Structure formats: structure tokens, C-alpha cells
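In: show me how the following folds:
(2 chains)
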Protein chains: 2
Amino acid sequence: MKRKGLLVVFTGEGKGKTTAALGMVLRAAGHSMDVGVFQFIKGGWKYGELEALRKLPTVEVFQLGKGFIKKSKDIDEDAALVKEGWRKAKKAIQEGKYDMVVLDEINYAFHYGFLKPEEVLEVLQQRPPLIHVIMTGRYAPVEIVEAADLVTEMKMVKHHYRDQDVRAQKGIEF
Amino acid sequence: MKRKGLLVVFTGEGKGKTTAALGMVLRAAGHSMDVGVFQFIKGGWKYGELEALRKLPTVEVFQLGKGFIKKSKDIDEDAALVKEGWRKAKKAIQEGKYDMVVLDEINYAFHYGFLKPEEVLEVLQQRPPLIHVIMTGRYAPVEIVEAADLVTEMKMVKHHYRDQDVRAQKGIEF
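Out: Presented below is the predicted three-dimensional model:
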């Protein structure tokens, strides 16, 4: 049985993609592994997990994006931020700076055409062999799914927003 | 828009159920919310996340079970441990000790007949109104899914074990 760095993808429309990635960060941090979390889209948000991640000494978080693209007024700026973010993440991957790299919401960057799956895969395929890479976001491109070692689709079975007048909840959504 | 404690279920055969619950724990901890994690099945295991969770001051973890039931030699002992675990979790819920309670792998306890969905739901329906409850594990019973506010099914799209000779990886599986 061999060890290898895995490419893990959490995709689908259901809740739990970023949360599952965070759970892996927590696991890795528990083993004192160095973890780099690159948030491609959610930069403008204030998440409870950012506070908690700051308490884990081997974890670094980089907020690259500006919030949800749907609400964006400047799509060119969004694209530039994503490309700059990928440049940073790529450098960290190539230098072997972390044992685990989380590319959070990168699938949106593919979906919106800000990044090409091929350019990212080329870097991943040549990365140092023990680095785990976790990708999250809806709409994982087929090339990424094919290259991945582990892919979970989060399927929404039921969502309280659909049926009830309940707002976003602290500790659950943010 | 109102606040309420949510019942969240992560189920399905795919990876990421417990990890998603852990991500929510991390979020809640970031908001200094008190969290109780009750592990119903995995007690015998040594997880990276346990180490990391110990670093979060508002989180308490209780390991109730003895490892995977499939390998068990004493099913009566397993059942007794699960029932005792539920008694503890129930007390903590009723007393409002935590803002968030994770009942990890409790769905297995239903599946194996160690607990009845009705007895758990009765407690949940009468809990203090702002407590979030997260349940994980395959085979979520239909009664639980019906009562839940948010249900995500983790669907396995691809798993590296199936195709490759790769062992369980630190930071990913444990």
C-alpha cells in the first residue's frame, strides 16, 4: 500500500462542500500538517471558521476573492482577482509549502471561465507527490472529476430555506 | 426572518459526512459558541480532528462507541454503549448545555436498531429552541429526514480505493 497526495473534490448543489473541506483542514491540523486555504470567491464574507482557523497554528488562510460573483458589478476585477489568487496558490503548491492545499470555490472560477481546468491540472499533475489538494464548489468540470482521486457530490435532499421563513444561521452557514 | 435551532443531517454513501459536521463545529467555535460532539461509533479510533478540536476552547468531545460495529464481537455491549451515549447527549440537549450538538454516526445506531428514531425525535422536538443539532451517518431514517431542516446526501462519484492501491491517508480519512 502506498502513500500519495490525493486530489479530493467536493461538488454538487447541496450544503457541506466548504464545510467538508474545513473538516479535512481540522484533521490535518490535528496531525500538525501545514495547510494553506485559498478562498477564491468568498473574500468579502466574515466567517466563523476564519476565527477558528486562526487558532490552529499550522493553518494559513488567504482570502482572494470579493464575495459572490452574482452580485458583482465588475466582472473583470473578479477575473483578475481569481487569476492572481491562482498564481499565489500555484506558487505555494510548486514550492511544496503545504502538506494540504484547499482551493475553496475554485470550481466557480472554472464555471465562470476565469481559469481553465487544463492550466490547473498541469500544475497539480507535477506537484510534489505527497501534497493533498482539496477543491470545492458547484459545477466541478469533467476534466477535474476525471483527474481526481476522490469525488463527492453533495446532493440537496432538503433545505430549510425552501420551506420556512428562517434566516441564515450563525454556526451553520457562516 | 426568524432564528431557530436547525436539525441538519449529513447522510449518504459518499465521503464528507463527519468532515462537514466538523466544519460546522469549526464555524461555531469561531463564533465562541459552545459545542458538544458525541461520537456514537468511532470511539476506538485516533483521529487528527480530536487533536485539533482540543485546541478549540468552546468544544467538548465525547467518544462513546468502540469502533466499527461490523468488526464487533459483542453487539450487546455496542448497543449498551450507544444507549448510554444517547442518555448523555439527551441530558446535554435538554439542559441546553451547548449551542450546537453533533450526534456523529447516530444514523448507524438507528440502522442497527440500537436507538429508535422516535425516541430521539421526541427529545429534539422539545429541545431549547436555538440549539442546532447535526446528525451524521449513512442510512438516515425517513423519520429523521422528514423532521430535519437541512439534509445533504453525500453521493460517492469516485473513490481512490476502488481504483488504486492507496492506503488511508493522514489528514484525509483520519
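In: just give me the longest strand of chain A.
Out: Ranked by residue count, the top strand of chain A under DSSP state E comes out as strand A:150-159.
In: in that strand, what's buried?
Out: A:Leu150, A:Val151, A:Thr152, A:Glu153, A:Met154, A:Lys155, A:Val157, A:Lys158, A:His159 (16 or more other CB atoms under 10 Å in any protein chain shown). The way it works is simple: take the backbone N, C-alpha and C, and place the C-beta from them, glycine included.
In: neighbouring contacts of that strand?
Out: The contact list for strand A:150-159, computed with CB atoms under 8 Å, 6 or more residues apart in numbering or on different chains, reads A:6-17, A:20, A:140, A:145, B:9, B:11-12, B:14-16, B:20, B:145, B:148-160, B:172.
In: can you do 7 Å?
Out: With CB atoms under 7 Å, 6 or more residues apart in numbering or on different chains as the test, strand A:150-159 has contacts from A:6, A:8-17, A:145, B:14-16, B:145, B:148, B:150-160.
In: compute the inter-axis angle for it and strand B:150-159.
Out: 160 degrees (axes from the mean of the first three to the mean of the last three CA atoms, to 10 degrees).
In: off-centre distance for strand A:150-159?
Out: Strand A:150-159 sits 16 Å away from the centroid of its parent chain (CA atoms, centre = their mean, to the nearest Å).
In: could you find the closest non-adjacent residue to the spatially most central residue of chain A?
Out: Nearest residue to the geometric centre of chain A (CA atoms, centre = their mean): A:Asp104, 1.4 Å. Once flanking residues are discounted, A:Asp104 sits nearest to A:Gln39: 4.7 Å by CB to CB, 6 or more residues apart in numbering or on different chains.
In: A:Thr18 now?
Out: Per CB to CB, 6+ apart, closest to A:Thr18 is A:Thr136, 5.3 Å.
In: how close does that neighbour sit to B:Leu53?
Out: As judged by CB to CB, to the nearest Å, A:Thr136 and B:Leu53 stand 21 Å apart.
In: of the two, who's got more company?
Out: Between A:Thr136 and B:Leu53, counting by other CB atoms under 10 Å in any protein chain shown, A:Thr136 is the more crowded of the two (27 against 22).
In: wait, doesn't the more buried one sit right on A:Val101?
Out: No: look at A:Thr136 against A:Val101 with CB atoms under 7 Å: they stay out of range, at 12.0 Å.
In: pLDDT weak spots in chain A?
Out: A:1, A:42-47, A:66-72, A:160-166 (pLDDT under 70).
In: state which helix of it is the longest.
Out: helix A:75-94 (DSSP state H).
In: for the nearest residue to A:Leu22 once chain neighbours are set aside, helix, strand, or coil?
Out: Leaving aside its chain neighbours, A:Leu22 sits nearest to B:Gly23 (3.4 Å; criterion: CB to CB, 6+ apart). Classification of B:Gly23 by DSSP: H, G, I helix; E, B strand; the rest coil places it in helix.
In: show me the contacts for B:Gly23.
Out: Counting by CB under 7 Å, 6+ apart, B:Gly23 touches A:Thr18, A:Thr19, A:Ala20, A:Leu22, A:Gly23, A:Glu49.
In: hmm, 6 Å instead?
Out: Going by CB atoms under 6 Å, 6 or more residues apart in numbering or on different chains, B:Gly23 touches A:Thr19, A:Leu22, A:Gly23.
In: state the distance from A:Val61 to chain B.
Out: Counting by CB to the nearest CB, to the nearest Å, the separation of A:Val61 from chain B is 11 Å.
In: and that residue, bridged to which residues?
Out: On the basis of DSSP bridges, A:Val61 is bridged to A:Val37.
In: touching, it and A:Leu53? I think so.
Out: Yes: with contact defined as CB atoms under 6 Å, A:Val61 counts as touching A:Leu53 (5.4 Å).
In: so what's the residue count around A:Lys83?
Out: 14.
In: which SS class is the residue nearest to it when sequence neighbours are not counted?
Out: For A:Lys83, ignoring the flanking residues on the chain, the nearest one in space by CB to CB, 6+ apart is A:Phe114 at 6.5 Å. Taken by three-state DSSP, the conformation at A:Phe114 corresponds to coil.
In: burial of A:Phe114, as a residue count?
Out: 22.
In: ok, back up a step: as CSV, the buried residues of strand A:150-159 with distance to B:Pro129 would be great.
Out: Shown next, in CSV, are those (distance: CB to CB, whole Å):
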residue, distance to B:Pro129
A:Leu150, 38
A:Val151, 38
A:Thr152, 32
A:Glu153, 33
A:Met154, 27
A:Lys155, 29
A:Val157, 24
A:Lys158, 20
A:His159, 20
